[in-house]
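*Asks:* coords below, sequence missing:
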Ligand SMILES: NCc1[nH]cc(CCC(=O)O)c1CC(=O)O
Ligand SMILES: [Zn+2]
Ligand SMILES: [Zn+2]
């Protein structure tokens with residue numbers, strides 16, 4: 001009894017090279033954007049306990065930190081400011097301080113690595129006294145209009161300093177439109193991209209980041225602006241909303257538990273680049289499993305990315321970037 005011809009699949013992926021042809025999209029170095037933490041002690045290099053292998057860096061150390069990675073094919077970074085020596089207030093005044101870590105780092109990186117693509121996370125939580133991502137009413141709820149104005153002001157300041165991309169992670173309604181408008185008014189809209197954290201969920205997976213950035217809210221939580229994990233419909237509406245407001249790139253965050261949302265974004269915004277953010281808790285989880293002997297780190301790291309590529313993303317923000325650059329050399 002012979003097999004049906006359509007039953008035979010293995011011949012199509014028997015050879016290692018043929019296996020790569022079965023993947024519609026393969027990880028390349030250009031797809032990787034590395035999230036890095038910049039602190040306001042210029043000479044600092046402080047390891048972050050909850051994020052194995054990651055440090056908070058001062059601007060004077062950026063050459064030694066990123067030089068070897070750029071040499072190895074690093075194409076882009078996204079900057080997070082982590083200030084300790086500033087006075088945080090209600091409106092996040094230190095966010096766009098010209099002497100602050102983000103603007104200093106943009107200037108320095110543009111000089112050091114002219115080819116490196118520099119994105120900046122834009123948010124107020126690292127700079128507000130209350131640790132929330134916007135400006136609050138007396139009763140502690142978000143005051144939308146001034147929040148969005150302030151966030152746009154910070155975004156434009158980063159663009160003026162030379163950022164190639166501003167990426168608002170606050171999840172305030174209407175911010176993409178106001179940021180885009182601000183860039184247009186500043187004459188920068190044609191050379192600074194807006195990457196919208198469109199579908200950002202209220203996740204348990206941000207813990208190590210908040211630890212690293214000192215950005216945990218001092219009261220309450222972020223559930224009135226970040227999406228509920230089951231909110232597929234809301235995520236779809238937020239993606240469409242941000243496209244209509246002028247986002248250049250759509251992002252889904254976290255990535256691994258939200259692959260269906262990435263796939264939805266690919267369908268809803270087929271003409272936009274699509275980013276997935278493998279967040280701090282995902283990174284910590286993958287590393288911890290390897291340390292417990294559950295799997296091989298490298299194999300699992302690639303598998304975790306494979307899902308995002310299948311779902312349709314074209315850009316990946318991950319703390320594994322230095323390792324991937326290395327592993328892709330060996331592949
Ligand atoms: N604006 C907040 C912000 N910016 C980046 C992350 C998370 C990134 C990560 O976990 O790697 C968060 C999440 C949060 O604290 O709510
Ligand atoms: Zn924030
Ligand atoms: Zn942020």
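*Replies:* Yep, that arrived. Quantities reported herein were computed from a predicted structural model and do not represent experimental measurements. Ligands and ions are numbered 1, 2, ... in the order given.

*Asks:* excluding its backbone neighbours, what's nearest residue 79?
*Replies:* residue 120 (4.8 Å; C-beta to C-beta, 6 or more residues apart in numbering). C-beta here means a position set from N, CA and C on the backbone, and glycine is covered the same way.

*Asks:* Can you tell me the SS state at that neighbour?
*Replies:* Secondary structure state of residue 120, per DSSP: H, G, I helix; E, B strand; the rest coil, is strand.

*Asks:* Distance of it relative to ligand 2?
*Replies:* Per C-beta to the ion, to the nearest Å, residue 120 is found 13 Å from ligand 2.

*Asks:* Quick one: residues contacting that residue.
*Replies:* 78, 79, 102, 106, 158, 163, 165, 166, 167 (C-beta atoms under 8 Å, 6 or more residues apart in numbering).

*Asks:* any idea whether the fifth one is helix, strand or coil?
*Replies:* Put plainly, it is residue 158. Once three-state DSSP is applied, residue 158 turns out helix.

*Asks:* Can you name the residues bridging to the nearest residue to it once chain neighbours are set aside?
*Replies:* Nearest residue to residue 158 in three dimensions, chain neighbours excluded: residue 120, at 4.4 Å (C-beta to C-beta, 6+ apart). Here residue 120 sits in beta bridges with residue 79, residue 166, as judged by DSSP bridges.

*Asks:* sorry, back to before: now, among the contacts of residue 120, which is nearest to residue 36?
*Replies:* Residue 36 lies nearest to residue 79 out of those, by C-beta to C-beta, at 6.1 Å.

*Asks:* and the nearest residue to residue 189 once chain neighbours are set aside, how many neighbours?
*Replies:* Leaving aside its sequence neighbours, residue 189 sits nearest to residue 183 (C-beta to C-beta, 6+ apart; 4.0 Å). Neighbourhood size, residue 183 [other C-beta atoms under 10 Å]: 23.

*Asks:* from memory residue 183 sits against residue 193, does it?
*Replies:* No - applying C-beta atoms under 8 Å as the test, residue 183 and residue 193 come out as separate, 9.3 Å apart.

*Asks:* Need the residues touching each of these two.
*Replies:* Listed as contacting both residue 183 and residue 193 by C-beta under 8 Å, 6+ apart are residue 166.

*Asks:* Where do the strands of the stretch 51-200 of the chain begin and end?
*Replies:* Here the stretch 51-200 of the chain has its strands, by DSSP state E, counting those that start in this stretch, at 55-57, 76-82, 117-122, 165-168, 193-200.

*Asks:* can you list the weak-confidence ranges in the stretch 51-200 of the chain?
*Replies:* For the stretch 51-200 of the chain, no stretch has pLDDT under 70.
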